[in-house]
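Colleague: Just to be clear, the model below is a prediction. Sequence and coordinates:
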Amino acid sequence: MKRDSQRARVYRWQQAEIPGIWVCVPLEDCAQLITMVCRDIGFKTPVVMAKRGHLSMANTRNIWLSPKGQTFVIALHELAHSITQRVFGIFGDSIAGHGPEFVRMFLWLLEHYYDEPGAQALSLTPSLYGVKVSSYGVVDVIFDRLAYINIVMDKTIVHPMEEVLYGKE
Ligand SMILES: [Zn+2]
């Protein structure tokens, strides 16, 4: 995996620009959102679990949400990790955890599944924070690969992403 060089910038961007990022909801609501998205896009739904501490994490099969991370935005952030790790990890591409492909997938999820005024305009904002974003074409690549994975194969373990989320206490 490439060095995760824009992770801090991604955190700064989402903290400043995504409305309602730290609005907590019940864990079940996060799991329900993730299940709905995964059914729509044909991704095997990760198991969503609560965990202690400040870290929320994801791998291709599991999402762990810290108490502070039980929000719709963080659920979609972690789901974007699950999806990108799977579709790029499985084909051996080297991508950074919070790299341009991840950010585009996260934006796509926000645009389609985050029902909050302003979510549609979020694509305009990452560059203001020095965050690089892949073009929309990468989402087509991701969906093509998900279709391929569903048809041909069903295996991969990638090490969990770890991150420290710093929100309002
Ligand atoms: Zn992350």
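Modeller: That came through, no problem.
Colleague: From the contact counts, what lies against the longest helix along the chain?
Modeller: If you go by DSSP state H, the chain has its longest helix at helix 72-89. Here helix 72-89 touches helix 27-41, strand 57-58, strand 62-65, helix 100-113, helix 137-152, going by 3 or more C-beta pairs under 8 Å, 6 or more residues apart in numbering; DSSP states H and E. All C-beta atoms are positioned from the backbone trio N, CA, C, and that covers glycine.
Colleague: Minimum distance to Thr125: which of these has it?
Modeller: Across those, Thr125 has its closest neighbour in helix 100-113 (9.4 Å, C-beta to C-beta).
Colleague: Count the residues that sit near Asp40.
Modeller: 10 (other C-beta atoms under 10 Å).
Colleague: how far away is it from Met57?
Modeller: For Asp40, the distance to Met57 equals 23 Å [C-beta to C-beta, to the nearest Å].
Colleague: To Val131, which of the helices and strands packed on helix 72-89 lies closest?
Modeller: helix 100-113 (6.0 Å).
Colleague: Could you check the angle the closest one makes with helix 27-41?
Modeller: Helix 100-113 and helix 27-41 are oriented at 100 degrees to each other (axes from the mean of the first three to the mean of the last three C-alpha atoms, to 10 degrees).
Colleague: Can you list the buried residues in helix 100-113?
Modeller: Neighbour counts over helix 100-113 (16 or more other C-beta atoms under 10 Å) mark 100-110, 113 as buried.
Colleague: can you check stretch 136-146 too?
Modeller: 138-139, 141-143, 145-146.
Colleague: any residues touching that stretch, and which ones?
Modeller: Stretch 136-146 is contacted by residues 41-43, 83-84, 86-87, 90-91, 100-101, 104-105, 108 when judged by C-beta atoms under 8 Å, 6 or more residues apart in numbering.
Colleague: That stretch: how far from the chain's middle?
Modeller: Here stretch 136-146 is found 15 Å from its chain centre; the criterion is C-alpha atoms, centre = their mean, to the nearest Å.
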